[in-house]
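>>> how would this look folded up:
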Amino acid sequence: MSESKFEKAVAIIQGLPKDGPVKPSTDDQLYFYKYFKQAKFGDNTTTRPGMLDFSGKAKWDAWASVKGVSKEEAWEKYVAKLLEILEAAGDDASKKHIQEIESA
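Take a look at the predicted model:
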């Protein structure tokens, strides 16, 4: 897996329209978050958020769960998950995104 495919996948996810056919679930969003953070910053060394920050704790826990994963493996898991979601959507825009990732 190349960094260029990962960067293309990140750009696609960030550009998905809120009302489009591809709607990653909350679990999918946490999956992308943890592997993005692991790929970009490595292991989570930050302090866990407090009790009232539920969203922050979920993100922190997700990122901490992939401790030790290499950036290359994080790229691979991130891209593979996006390809899975795009293939399931099956619309023309998703097919175009798949081609963009594969050619990156």
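
>>> outside of stretch 17-31, which residues touch it?
With contacts defined as Cβ atoms under 8 Å, 6 or more residues apart in numbering, stretch 17-31 is touched by 13, 16, 32, 58-59, 62, 77, 81, 85-86, 89, 91, 93-94. Glycine gets a C-beta too; all of them are placed from N, C-alpha and C.

>>> name the member of those residues with the most neighbours.
Among these, Leu86 has the most neighbours (other Cβ atoms under 10 Å), with 23 neighbours.

>>> state the distance from that residue to Glu7.
According to Cβ to Cβ, to the nearest Å, Leu86 and Glu7 sit 16 Å apart.

>>> check the offset of the longest helix anywhere in the chain from the chain's centre.
Longest helix in the chain by number of residues (criterion: DSSP state H): helix 71-89. On the basis of Cα atoms, centre = their mean, to the nearest Å, helix 71-89 is displaced by 7 Å from the centre of the chain it belongs to.

>>> re the thing from before, make a markdown table out of the contacts of stretch 17-31 and add pLDDT.
A markdown table is the format used below for the contacts of stretch 17-31 (pLDDT from 0 to 100):
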| residue | pLDDT |
| --- | --- |
| Ile13 | 95 |
| Leu16 | 92 |
| Phe32 | 98 |
| Ala58 | 94 |
| Lys59 | 96 |
| Ala62 | 97 |
| Lys77 | 98 |
| Lys81 | 97 |
| Ile85 | 96 |
| Leu86 | 96 |
| Ala89 | 93 |
| Asp91 | 92 |
| Ala93 | 92 |
| Ser94 | 94 |
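
>>> please enumerate the helices of this structure.
Going by DSSP H, the chain shows helices at 3-15, 26-41, 54-64, 71-89, 92-103.
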